[in-house]
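Enquirer: need a 3D model of the sequence below.
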Amino acid sequence: MTRQMALVGFLQAQNCTNLPSSWRHPESRDDSMSADYYQEIARILERGKFHMAFFDDRLAMPDRYGNDHAHTVEYGIRCVKMDPIVVLTTMGMVTTRLGLASTASTTYFEPFDVARRFATLDLMTGGRAAWNVVTSVNDGEALNMGRAQHLEHDLRYDRADEFMEVVLGHWDAWEDGALIIDKTSGRFADPAKVKRLDHKGAFFTSRGPFTVPRSAQGHPVVIQAGASGRGQRFAGRWGEVIFTAARNLANAKQGYDAIRGEAAKAGRDPDQMFLCNLITPVTGATKAEAEDRMAVIQKLPLEIDALSLLAEGLNFDFGAKPIDEPLTTEELQGMQGMLGIRDGVLRTSGKTNPSTRDFITFSGRGQVQDAMVGGPKEIADRLEEMFEGRGCDGFVIAASYVPGSYADFVDHVVPELQKRGLFHKDYAGTTLRENLGLKRPAAGAWKTRAQTAE
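Expert: The predicted structure follows:
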């Protein structure tokens, strides 16, 4: 079969999209705390045959800039953050094929809890759930969850590796065919096919037995977005869908090859994973219409948006020194969280000690300079180039206003991609794995893979 793109809608259960200024757009709905808001997005994405709706998440509002939350609340910079799994459940009620993915942290939750939540969502949606594995970002999250400070970067990933072993171990507990449900004999399930985990490791102890049987797709799809070297190793070991954020084909290919290489080292088939690159398309029926839309969107961001999100993402107060003063090497090395942002600024700016203004300029945080603007042909051309050039296997579509950005893409770009044979015209099956073309995992398959890699 001809290789085709995967498409993911990028969402956040908050007052704005990933673009913090999106709520200011005159055409954005202002009821982002209602079920109907997210259900409309779900219907649009399923109409466009998107593989997934995916929720990013944080466990704190941005308050690292100036060590205060006042600016976050005043300017609506992701100040509302609801539980995305609950929101996804409402979206699942109005869809039948759309995959439903949410972030959950390995640093601040327990493995059994995460395993149960996502396995339950998977059953309730007929095998459409996915879990985006994150290690969280900053001290604000730590303080909300009863910790004094955020764990060091590599230590978080070491902990996350064991977290994955526990979650997958629990998901393996019920074998296929364990359920009997025979009212005549009174037997509900075969106890020989339900095993206890009894995990005791460096970070976690979890007994079991697990309380949720396997779903139609086996277990939820695992998503990862590690950008650092350690993050890429983690993604290569565990991720089935990988989110990337390359700005051009050359950088995309470099990351694509690196993560697939890590997967091969881990004993995995690199073709059983999808790397999806984040883009912010601004489109319309014509290029001129798209440019008119962009003119409105460009007026929305404020400088405080970028400063707030940079401080949050790198756990560093960018308000502590003048905006044009170079950051010291010590300050750069002391940053924690989304280190791919820092490394990208260093690489793209070409400066050893960039300033805060350089971080705003070269990171793109809170801004729309990197938006992909054009009519159906122009957008499809750009996506086709990166896809056919093996920079990615699909795209994560971010919105500049809601729900209009999703509708614009579905109405104008999706038909063009389908016409070119780059995107499917209908879902292949009922589960997320079927629609992505991922194999249904056998219980315990990940353990065999790990032994092979050794």
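Enquirer: mind checking what secondary structure Gly236 has?
Expert: At Gly236 the chain is in helix, as set by DSSP: H, G, I helix; E, B strand; the rest coil.
Enquirer: contacts only, for it.
Expert: Gly236 makes contacts with 259-266, 268, as judged by CB atoms under 8 Å, 6 or more residues apart in numbering. C-beta here means a position set from N, CA and C on the backbone, and glycine is covered the same way.
Enquirer: strands of the chain, start to end?
Expert: Applying DSSP state E to the chain gives strands spanning 6-12, 52-56, 99-105, 129-134, 179-182, 187-189, 199-200, 205-206, 221-224, 241-244, 274-279, 281-283, 372-374, 394-397.
Enquirer: the fifth one: how far from the chain's middle?
Expert: Read it as strand 179-182. Relative to the mean C-alpha coordinate of its chain, strand 179-182 is positioned 37 Å out (CA atoms, centre = their mean, to the nearest Å).
Enquirer: what pairs with it, parallel or antiparallel?
Expert: For strand 179-182, the paired strands and their directions (DSSP bridges) read strand 187-189 (antiparallel).
Enquirer: and the longest helix for this structure?
Expert: What stands out as the longest helix in the chain, according to DSSP state H, is helix 153-171.
Enquirer: quick one: mean pLDDT for that helix?
Expert: For helix 153-171, mean pLDDT is 93.
Enquirer: show me what it packs onto, helices and strands only.
Expert: When contacts are defined as 3 or more CB pairs under 8 Å, 6 or more residues apart in numbering; DSSP states H and E, helix 153-171 sits against helix 111-124, strand 129-134, strand 199-200, strand 205-206, helix 229-238.
Enquirer: please identify the deepest-packed of these.
Expert: Most buried of the helices and strands packed on helix 153-171, by mean neighbour count (mean count of other CB atoms under 10 Å): strand 129-134, with a mean of 25.
Enquirer: residues in contact with it?
Expert: 52, 54-57, 99-106, 114, 118-119, 121-122, 160, 163-164, 215, 220-225, 234, 238-239, 241, 243, 432.
Enquirer: where does the prediction get shaky in the chain?
Expert: The model of the chain has pLDDT under 70 over residues 1, 448-454.
Enquirer: on that earlier part again, between the contacts of Gly236, which is closest to Asp393?
Expert: Nearest to Asp393 among the contacts of Gly236 is Arg260, at 9.9 Å by CB to CB.
Enquirer: wait, that closest one touches Pro270, no?
Expert: Yes: in this structure, Arg260 is within contact of Pro270 by CB atoms under 8 Å, at 3.9 Å.
Enquirer: those two: which is more packed in?
Expert: Neighbours were tallied for Arg260 and for Pro270 using other CB atoms under 10 Å; the higher tally belongs to Arg260 (20 against 16).
Enquirer: for that one, give me its contacts.
Expert: Contacts of Arg260 by CB under 8 Å, 6+ apart are 236, 270, 273, 275.
Enquirer: and with 10 Å instead?
Expert: Counting by CB atoms under 10 Å, 6 or more residues apart in numbering, Arg260 touches 236, 242, 268-271, 273, 275, 390, 393.
Enquirer: over to Arg347?
Expert: 251, 362.
Enquirer: about what we covered before: which one of the strands of the chain lies nearest to Leu438?
Expert: Nearest to Leu438, of all the strands of the chain, is strand 221-224, at 6.7 Å by CB to CB.
Enquirer: and the helices in the stretch 251-400 of the chain?
Expert: 287-297, 303-314, 329-333, 339-349, 356-363, 376-388 (DSSP state H, counting those that start in this stretch).
Enquirer: buried deepest among those helices, which one?
Expert: Among those, ranked by average contacts under mean count of other CB under 10 Å, first place goes to helix 303-314 (a mean of 24).
Enquirer: just checking, what packs against that one?
Expert: If contacts are counted by 3 or more CB pairs under 10 Å, 6 or more residues apart in numbering; DSSP states H and E, helix 303-314 sits against helix 70-75, helix 139-144, helix 339-349, helix 356-363.
Enquirer: send the alpha carbons of it over as PDB?
Expert: Taking Å, rounded to 0.1, in the frame of the first residue of the first chain, the C-alpha atoms of helix 303-314 are listed here in PDB:
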ATOM      1  CA  GLU A 303       5.700  39.900  24.100                       C
ATOM      2  CA  ILE A 304       4.600  38.700  27.500                       C
ATOM      3  CA  ASP A 305       3.200  35.500  25.800                       C
ATOM      4  CA  ALA A 306       6.600  34.500  24.700                       C
ATOM      5  CA  LEU A 307       8.400  35.500  27.900                       C
ATOM      6  CA  SER A 308       5.900  33.500  30.000                       C
ATOM      7  CA  LEU A 309       6.000  30.300  28.000                       C
ATOM      8  CA  LEU A 310       9.800  30.400  27.700                       C
ATOM      9  CA  ALA A 311      10.100  30.800  31.500                       C
ATOM     10  CA  GLU A 312       7.700  28.000  32.000                       C
ATOM     11  CA  GLY A 313       9.200  25.600  29.400                       C
ATOM     12  CA  LEU A 314      12.800  26.100  30.600                       C
END
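Enquirer: could I get the helices and strands packed on helix 303-314 in JSON lines, plus columns for distance to Ala6?
Expert: As requested, the helices and strands packed on helix 303-314 are exported to JSON lines (distance: least, CB to CB, whole Å):
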{"stretch": "helix 70-75", "distance to Ala6": "33"}
{"stretch": "helix 139-144", "distance to Ala6": "29"}
{"stretch": "helix 339-349", "distance to Ala6": "21"}
{"stretch": "helix 356-363", "distance to Ala6": "26"}
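Enquirer: among those helices, which comes closest to Glu325?
Expert: helix 356-363 (7.5 Å).
Enquirer: hmm, Val167 is touching Asp161, no?
Expert: No: counting by CB atoms under 10 Å, Val167 sits too far from Asp161 to count as a contact (11.1 Å).
Enquirer: from Ala192, how far out is the spatially closest residue to Leu100 that is not a sequence neighbour?
Expert: Spatially, and ignoring its direct neighbours in sequence, Leu100 is nearest to Leu88 (4.5 Å; CB to CB, 6 or more residues apart in numbering). Distance, Leu88 to Ala192, using CB to CB, to the nearest Å: 34 Å.
Enquirer: more neighbours: which of the two?
Expert: Applying other CB under 10 Å to Leu88 and Ala192 shows that Leu88 carries more neighbours, namely 28 against 8.
Enquirer: check contacts around the more buried one.
Expert: Contact analysis of Leu88 by CB under 10 Å, 6+ apart lists 11, 13, 38, 42, 53-55, 98-102, 121, 124-125, 128-130.
Enquirer: cool, Ala245 as well?
Expert: Each residue near Ala245 by CB under 10 Å, 6+ apart is listed here: 225, 227, 251-252, 255, 277-279, 338, 340-341, 344, 364, 370, 396, 398.
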